[in-house]
Structures are given as structure tokens and as C-alpha cells.
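1. pasting the structure only:
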């Protein structure tokens, strides 16, 4: 009779967690709440204002939803680890965490590509915008933005789960590309599939985004002052978010392959970038730089302030 054996992995990426566990917890929990609040406000504002029910704002709301899901997948396990004597995770749970980690990250890349195409249509092909970015097409795009990365990562995780494990220590504090180092040896078909995923989920979308924005900026350059100003205002938040995500993906790739030669403290700091900046930076940039969203956010807080003042008058 076969017995199911749970393989436990040691998370070796923490620094001084025995001494500073509560400091870690307070820092991470504060970030967790702040990230949920910032992204929740963006979703609430877009959901409750009909003038924001346009493709560009819907994609922004989905980016915020991805950030919330990303945070909920990673942070609760961190809370447990920093308050525990041992930092471990089962191999199966590590696969699930890695699945959601890269599915949501790749989904963000697809959404940023679609948002670039949305801006291209709006600025360069305005007459085609309504017919192309209709409700049906937007629904299909959103479905593909989740389904395609999920399918690719599901196949990757299934193939990885069939590989032998020769190292029980994961040099990190969450499950990412470093998982390849705990396996004995990756077969050729897994390497080929991983390369295919890298090209289709990262390199190709980035090239398409680059080509799209080159066309947009050519059109902007040929436009008059007011059109140019408005186009730059709507494109700049997307470019800032795209540049941030690219930097974070580069960090993730670097620490995944160079962790053995980097100091442990540097590994920790670089790993934290992915968990902090991406889910936190997006709502701040879009909430601040997108005028329509910022206007409604200010209105929301002014409304809350007026309610508090009215309550105080009756007390």
C-alpha cells in the first residue's frame, strides 16, 4: 500500500527572523493592509462611477484585482513564517504558490500589452476604437489574460512536479524561479517548455508593447499641442507601471540565478521588491496620474470628511 509522503522545503532566505520576527510581522502586515486598501479604492471608484466604465479603466481595475490576489497568495504565508521557529513549506504548496505568482505576473504583462493597444486605437485609430474595444472583445481579452498564463503555468508546474528533488532548501522566502535549483536535473522537454513560456509570456508581449508605443509616439509627435499633451498624460502612467514591472521581473530573474554569489541580505532586499512595488506602485500611479480616477478619489475622501463633520455637529 503506497503512502503519500509530504516533502517539506526549508525557506532559507530570511535574515535575522529569530531576532526580528515581530518587526518583520509589523512591517509586512502594514504593507498588506495598505496594499489591499489602495487597490480596493481603485476598484471601488471604477466600479461605482459609470463614466469610468470604459476599457482603459476596466483594465486598470483588473490590474488592481490581480495585485490583491497576488498579495493574498504570498503575504499570509509570510506572516506565519516570521512568527514561527521554523520557516518551511510543503513542496505541493510551493508549486501552488509559484503557479499563482507567475500566472498573475504574466497576466499583468498581457494587460499592459492590451492597454498599450487600447491607447494606440484611441490616439492613432479613433474611428475604429468603439467597434474594436466593445464589451464582447473586452470580455474575451480579460478571459485570455487570465486563462493563457494559467494554462502555461499549470503545464509547467505539472512537469516540475514529476522531477526528482535533490535539495530540500529553497534559498528564498517565497516560491519563485529558485525552485529549479531544488530539482536534480531538468530534462530537455522541460527546458524547452520553459523557454517557450519565457518567449510567449514575457519577451513577445514586451516587444509588442514597444512597437505599439513607438507608433503612438510617432503619432503624438505629428499632432498639435493639446492632443499631444492629452495623449502623453494618458500614456505616461502605463509606461511607468510597465517600466516598474520590467525592473521587478529583472530582479526576480537575477536573484533566481545569482543568489549563490549575492549576500543573503541583498537577496532579501531584492526579493522584497517584487512583493512591495508591483502591488503597491500600480494603484498609486494610476490613482494619482489618471485625472478621472484622482478626481473621484478626492471626491470620495471629501465625502467621508463631510459625513464626519456632520456627525460631530449632532454629538
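-> Yep, it's here. All figures in this text were calculated on a predicted structure; none of them were measured in a lab.
2. For this protein, which segments are assigned as helices?
-> Assigned by DSSP state H, the chain shows helices spanning 17-48, 55-82, 91-124, 126-132, 135-161, 188-198, 204-222, 225-258, 264-289, 291-314.
3. Could you provide the ones you listed in JSON lines, with additional columns for mean pLDDT?
-> Listed next are those as JSON lines, based on pLDDT from 0 to 100:
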{"stretch": "helix 17-48", "mean pLDDT": "89"}
{"stretch": "helix 55-82", "mean pLDDT": "91"}
{"stretch": "helix 91-124", "mean pLDDT": "89"}
{"stretch": "helix 126-132", "mean pLDDT": "87"}
{"stretch": "helix 135-161", "mean pLDDT": "91"}
{"stretch": "helix 188-198", "mean pLDDT": "83"}
{"stretch": "helix 204-222", "mean pLDDT": "84"}
{"stretch": "helix 225-258", "mean pLDDT": "73"}
{"stretch": "helix 264-289", "mean pLDDT": "77"}
{"stretch": "helix 291-314", "mean pLDDT": "63"}
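4. Select, out of those helices, the one closest to residue 177.
-> helix 225-258 (3.4 Å; Cβ to Cβ). C-beta here means a position set from N, CA and C on the backbone, and glycine is covered the same way.
5. Taking their axis directions, that closest one and helix 264-289 sit at what angle?
-> 160 degrees (axes from the mean of the first three to the mean of the last three Cα atoms, to 10 degrees).
6. So which other helices or strands are in contact with helix 225-258?
-> Contacts defined by 3 or more Cβ pairs under 8 Å, 6 or more residues apart in numbering; DSSP states H and E place helix 225-258 against helix 91-124, helix 204-222, helix 264-289.
7. now the most centrally placed residue in the chain: how far from residue 69?
-> Nearest to the mean C-alpha position of the chain, by Cα atoms, centre = their mean, lies residue 105 at 4.5 Å. Counting by Cβ to Cβ, to the nearest Å, the gap between residue 105 and residue 69 amounts to 11 Å.
8. try residue 165
-> Residue 165 is 28 Å from residue 69, by Cβ to Cβ.
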